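1. take this sequence and fold it.
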Amino acid sequence: MRKRAEVYQDSGVNLLAQIHLFAPPEARTRPIMHISEYEKLIEDNADIVQALESAIESDHYEEVLSMPALTGEDHNTSAENYGPLNIDSATPIAWKAKYQGKYHEVILKNINSMCCAPVHASSAAVIQSSGTGKSRTVHELAALVFTIPFNIRHPRERGAYPPEDTKIWGYLCNMSNIKSVEHGIARTALFFTHVFSQVANEVKKVLRISGRENKLHPGDLAYRWREHLSQKTRSLLYEQIINACEEAEPGRDADLHTLFHESDKQLNELLKALDTVCAFPNLHDVKVLLYFDEAHELGYTIPNRTYKQKLYDVVDSCLQRFEHYPIFTLFLSTQSPIGPLAPSAELVGSTQQWGMETLQACFTEMPFDCHPSFPLRPGTFKLEELGELPFLARFGRPLFWTLIEASRARDKSYLIQDTMNLARAKLIRTNDIVGTTFSPLAMLVMVDVLITIDYEPRQDSAHASPPLPRSGYPSEPFLAEAASRQMYHCLNSLRCSMSGLLLENFDCGLIDLSQKVENVMRLLLRMAYMNAIVAEQADKIHRTREPNFSKGCSFLAFLKALFADQFHEVILRSTPDNSVTSTCALEDAFEHAVVRFTHFIKVVDNSVVSTRSVLSGFVRGAAFICHNCQKDINILIPILLDRRHVLNEASMSALFVQVKRRRPGSSTECSIDKKAHGFFPNKFSTEEEHEVSMSQQEVSIEEQEDTRPYVTLVAELGVDKSPRKEPLVAAGNNNRCSSDRATLESTGEHPRYSIRAYGCTETTWKVINAGEGATYEKLLSTDDFLADHPRQDEASLELVRQMLPFWHDGVMRPDHEKFEKSGSMDQDE
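-> Predicted coordinates for the structure are as follows:
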């Protein structure tokens, strides 16, 4: 009996391991284990033996997979038995979170489409920011197509995940081993030869089938191979590969033709081995995928007497020899310089003359806004929840929410703060987030995240292509909060100013000068919001030394922080300027109103100007930069009318901002009419289109007249040094144009509280400190060609005019006029 039990236990261990190994990914929540661990599970859990017996009789194994011993929920495997979590220890747990979305399936479909082209490059880059799920996506891709993964991160980068393949980095990327470009090519060709050879041997050893009818599906093959490599097999396999390469180290005069021939031969052997165990339904589909994670390590330049090449060029040139085979390679990095970027779709035709017709476009589509709680339902959360860091982390890249949700209750507060510090460190590219000096690039990045700078379009001089956008900041509330906190530290510790940082980058030509006024207006609004937050959270800052900028602030406090003290009463006591009967002051209408914007989002059309859109913006903590097609509105800031109510579309309004640089003697329209933009809907969307949940105390919007107020701000930021007869800030009825007074109506109008501000000095704006006037004058310097000339004396300007840099009547010299008269073609003379 004892011997029979031991035999059954041995077979039970193998059965349990196979059930766990070949289970669908969604059914297996615990990582694949060593065979000895399955043996220990059976020894320690008698119920597993019973479950296995039942599973054999019924041929259903779901119950086995759901047992606590295999889900990691039993006491012995609980996270409570481990030490305190930090970022390093939480990352492997976060990695195992269920993958959200179908990004990996779309990438595979696109790769197969690329390989169907008659002429194609057999590689492409995956370029995206840190934490966007590049590594996890290709890991999931490895469950769909047979994959040979390489992580070539530098060994000195401690704590990163997934772990690097140190042996591979040492052979491919250690520059001390590479003597020349030709030597690098020979080593790389040898490397691929042994990769294909050793992997083929491993496939023959571990993937065996009986009969053609039992051939695996490509997905089953890929999954089984990925799980095989997830154990210690990967490091052992790669060690064998590198040992073989080092034993056959090529000399400086190695025969490249022979090396390439051998690599082709071994690739064919690998493909034959895969065909033996797998039935590939489509001959054109990729059978083997390679990927190099942390591929920026291939960005080093190989010294050479005649020409220079990067390691990436060497590796990719060897891979392109396999373009006629069903093999494809991905290079993963946060940096685009690992190789040339492919042209956009509009330019594909014109690139053929440059020899770029086979270049593949980069993959940039990575997981985003993929938290399992999405889509969010309006009316199910309150204002207090929006500012919590775990809520902010749900938006944008998956790194932050997976880290936070990897923590246990006892560690959550520490890990949340560590994750915020990680976001700050990633922004400024240093772990010293409370340092005293930061690089100019780090400072620019912070300002950019906060106000969304318009950059000067660059032109690719090599290919004479038109200027194309290379990057943009999507809406990531967690990252915006990180930038706000980091900027708060810099403003207080380094005594710098955001206006000064902006001016530095204006001077270097990086920022689009045609968008000066818009950039400055967003800067003023953002600084006012930060100052209002700091003022309202003074007690919290005293305790924690750090404000939470995502909590939102009173709209009235925001206005007080924006405008100079002398104009507060004028603004707060103003009444609607589109009604002859309303006497409700702005401070009463917006007594409980809240604004909440830590960043700006660019929009591509006028659809954003609606209460539905500003609700979404408010939840994300974002204001909107309106499209050029949006008449009269440059910036739209969401306003929650009453902080005491549940968030929904019926509780939203907005601050409409129109900004311009007024030239002396010019005049502009002084009103923004919400009716022209359809901001307030006639009725709310149906529940199927957009759920609106209202509390029992609230009255349905359809049962009462919708009289929600809104605010407009027309800011003329031009520096006009001539004395003004009008006040620098006007509001309400005092701000009406004559045309408005003649057409006022008192029925069916949403009350409009209008504000108009002139100039860009500390006299108008409270956020401008004394002594910053010259900075803002430079930021808003005129576009007049002569006004920007470094020498403003009349003699110098006259010499410039004589060079005729432009032509109009005001600069024509007398001799030109004489020439024009003498050269007249009057038929009467």
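2. separation between residue 255 and residue 147?
-> Residue 255 is 31 Å from residue 147, where distance means CB to CB, to the nearest Å. Yep, even glycine has a C-beta here, placed from its N, CA and C like the rest.
3. in terms of neighbours, single out the busier of these two.
-> Between residue 255 and residue 147, counted using other CB atoms under 10 Å, residue 147 has the larger neighbour count: 20 against 11.
4. can you pull the pLDDT of the residue lying closest to residue 606 once chain neighbours are set aside?
-> Nearest residue to residue 606 in three dimensions, chain neighbours excluded: residue 630, at 4.7 Å (CB to CB, 6 or more residues apart in numbering). pLDDT, residue 630: 71.
5. residue 630 and residue 607 touch, don't they?
-> No. Look at residue 630 against residue 607 with CB atoms under 8 Å: they stay out of range, at 9.7 Å.
6. and the two? Which one has more around it.
-> When residue 630 and residue 607 are compared for neighbours, residue 630 comes out ahead with 19 against 12, by other CB under 10 Å.
7. about what we covered before: A strand includes the residue nearest to residue 606, no?
-> No. The assignment for residue 630 by DSSP: H, G, I helix; E, B strand; the rest coil gives coil, which leaves it out of any strand.
8. ok, it to residue 590 distance?
-> Counting by CB to CB, the gap from residue 630 to residue 590 is 24 Å.
9. ditto for residue 107
-> Look at residue 107 and residue 590: by CB to CB, they are 48 Å apart.
10. neighbour count for the two, which is higher?
-> Neighbour tally, residue 107 and residue 590, criterion other CB under 10 Å: the higher count belongs to residue 590, 26 against 23.
11. need the contact list for the residue nearest to the more buried one when sequence neighbours are not counted.
-> Distances taken as CB to CB, 6+ apart place residue 555 nearest to residue 590, at 5.0 Å, with adjacent residues excluded. The neighbourhood of residue 555, defined by CB atoms under 8 Å, 6 or more residues apart in numbering, consists of 590, 593-595, 639, 655.
12. and if you look at residue 283?
-> Residues counted as contacts of residue 283 (CB under 8 Å, 6+ apart) are residue 326.
13. look up phi and psi at it.
-> The phi and psi values for residue 283, taken as degrees, to the nearest 10, are phi -70, psi -20.
14. what pLDDT is listed against it?
-> Value for residue 283, per-residue pLDDT: 81.
15. quick check: the gap between it and residue 115.
-> 11 Å.
16. what touches both of these two?
-> With CB under 8 Å, 6+ apart, residue 283 and residue 115 have common neighbours residue 326.
17. next, the buried residues of stretch 175-189.
-> Neighbour-count burial for stretch 175-189 flags 178-179, 181-189 (criterion: 16 or more other CB atoms under 10 Å).
18. scratch that, stretch 149-168 is what I was asking about
-> 149-153, 161-162, 164-168.
19. which of these fall in helices?
-> 166-168 (DSSP state H).
20. out of the contacts of residue 555, which are inside strands?
-> Secondary structure from DSSP state E places 594-595, 639, 655 of the contacts of residue 555 in strands.
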